[in-house]
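**Student:** Test case, fold it:
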Amino acid sequence: MASDLESVSEATSGAIGALLSTTILYPLDTCKTKYQAEVRAHGQQKYRYLSDVLWEAISTRQVLSLYQGLGTKNLQSFIAQFVYFYGYSYFKRLYLERSGFKSIGTKANLVVAAAAGACTAIITQPLDTISARMQTSAFGKSKGLWQSLSEGTWSETFDGLGISLILTSNPAIQYTVFDQLKHRLLKGKQNKTEKGSSPESLSAFSAFLLGAISKSIATCLTYPAIRCKVMIQAAESNEDGAKKDDSNDDGAKKAPQKSRKTMSGVLCAIWRKEGALGFFKGLQAQILKTVLSSALLLMIKEKITATTWVLILAIRKFIMLSPGRLKGN
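**Tutor:** Residues are numbered from 1 along each chain as shown. I've put the predicted structure just below:
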């Protein structure tokens, strides 16, 4: 029972951390996503730099549109991080109980993290797809969550699921590196706490630093797949913009976009229009956003874990005492 409560505590604190970090960095995330989704067409591109996206929002007086899709993104982030942290904590604890080891090795940690990531991707893929389409829509023209879900088929909301499953290696690498660094950092302060006390945590600066390092490594290793996923989920096909203008038929306009719904189609488009370096377009923006986001998430999570643990224990105690109180009355 105590292990389950610790899993819930890890999941809750991780989800709250994701919610706060996503909200704080959302404008940067929107700029990054629109920049990544664009493919150079006929040697021209709308956004040469990440700052061009921000300048477009300012010049068109659509600064608030940098927050389009924030509600959906927050919902997706909260659910995703809760499911991930719960699954990661639960699977890791289950492995340690079954194996009898005192700590988890790197290989086992990767498998556990990947399993938790796969569960998260399947559950939250529709929200992930819709939030990406909201962010890549023209400023001021983003549709609501319900309208976006009801417009297309249910299967379309799972666009990019294959890549999302591949990208489970990203958090797997990230949290494995983070856990190993954290374990070494706290090795000299091995748990001397009694059963039921709050878990040992890192300082805010240490958690931020380890989070930044671990996410940088994971992002560099998986970035080509990250950009492919954004392009698959994008609301518009930038490379076919000229073709769309030449046709008045709605079906003809949508046809080129459908050809971009596969990973092979996206890979070919990037290679044909931008070359090998195109697979890394926006890498700096991705690192900046994800490193800050993950570092903030892990920092917030580490700082509120103890509080969350105490609250969960208090709720558990209240629930256990309630039947007795009712009988006494």
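**Student:** quick one: V112 from K317, how far?
**Tutor:** To K317, V112 is 30 Å away according to CB to CB, to the nearest Å. C-beta here means a position set from N, CA and C on the backbone, and glycine is covered the same way.
**Student:** try K92
**Tutor:** With CB to CB as the criterion, K92 and K317 are 26 Å apart.
**Student:** Between the two, which is the more surrounded one?
**Tutor:** Each of K92 and K317 has its neighbours counted (other CB atoms under 10 Å); K92 has more, 22 against 10.
**Student:** gap between that one and I104?
**Tutor:** The spacing between K92 and I104, counted by CB to CB, is 6 Å.
**Student:** What of L19?
**Tutor:** L19 is 27 Å from I104, where distance means CB to CB.
**Student:** cool, L110 as well?
**Tutor:** Distance of L110 to I104, given as CB to CB: 10 Å.
**Student:** who has more neighbours, these two?
**Tutor:** Legend: neighbour count by other CB under 10 Å for L110 and I104, higher for I104 (21 against 16).
**Student:** for the more buried one, helix, strand, or coil?
**Tutor:** coil (DSSP: H, G, I helix; E, B strand; the rest coil).
**Student:** what's it in contact with, if anything?
**Tutor:** Each residue near I104 by CB atoms under 8 Å, 6 or more residues apart in numbering is listed here: 92, 95-96, 112, 179.
**Student:** Under the pLDDT cut-off, which ranges of the stretch 201-329 of the chain? List them.
**Tutor:** 201, 235-261, 322-329 (pLDDT under 70).
**Student:** Surely L149 touches I130?
**Tutor:** Yes: applying CB atoms under 8 Å, one finds L149 in contact with I130, separated by 6.4 Å.
**Student:** Mutual contacts of these two, please.
**Tutor:** With CB under 8 Å, 6+ apart as the test, L149 and I130 both reach T157.
**Student:** more crowded one of these two?
**Tutor:** The residue with more neighbours, out of L149 and I130, is I130; 28 against 17, by other CB under 10 Å.
**Student:** ok, and the closest non-adjacent residue to that one?
**Tutor:** In space, I130 comes closest to S148 once its chain neighbours are excluded; the distance is 4.7 Å by CB to CB, 6 or more residues apart in numbering.
**Student:** That neighbour: neighbour count?
**Tutor:** 22.
**Student:** would you list every one of the helices in the stretch 151-300 of the chain?
**Tutor:** Assigned by DSSP state H, counting those that start in this stretch, the stretch 151-300 of the chain shows helices spanning 161-166, 169-185, 204-233, 241-245, 250-258, 263-274, 283-328.
**Student:** Adding distance to L70, write the ones you listed out as a markdown table.
**Tutor:** Putting the helices of the stretch 151-300 of the chain into a markdown table (distance: least, CB to CB, whole Å) gives the following:
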| stretch | distance to L70 |
| --- | --- |
| helix 161-166 | 21 |
| helix 169-185 | 22 |
| helix 204-233 | 17 |
| helix 241-245 | 26 |
| helix 250-258 | 25 |
| helix 263-274 | 26 |
| helix 283-328 | 14 |
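**Student:** nearest to V63, of these?
**Tutor:** helix 283-328 (18.0 Å; CB to CB).
**Student:** Now find how far off-centre that closest one is within its chain.
**Tutor:** Between the centre of helix 283-328 and the centre of its chain there are 18 Å (CA atoms, centre = their mean, to the nearest Å).
**Student:** so Y67 touches Y26, yeah?
**Tutor:** Yes: judged on CB under 8 Å, Y67 makes contact with Y26 at a distance of 5.9 Å.
**Student:** Tell me which of these two has more neighbours.
**Tutor:** Taking other CB under 10 Å, Y67 and Y26 do not tie; Y26 has more neighbours (21 against 16).
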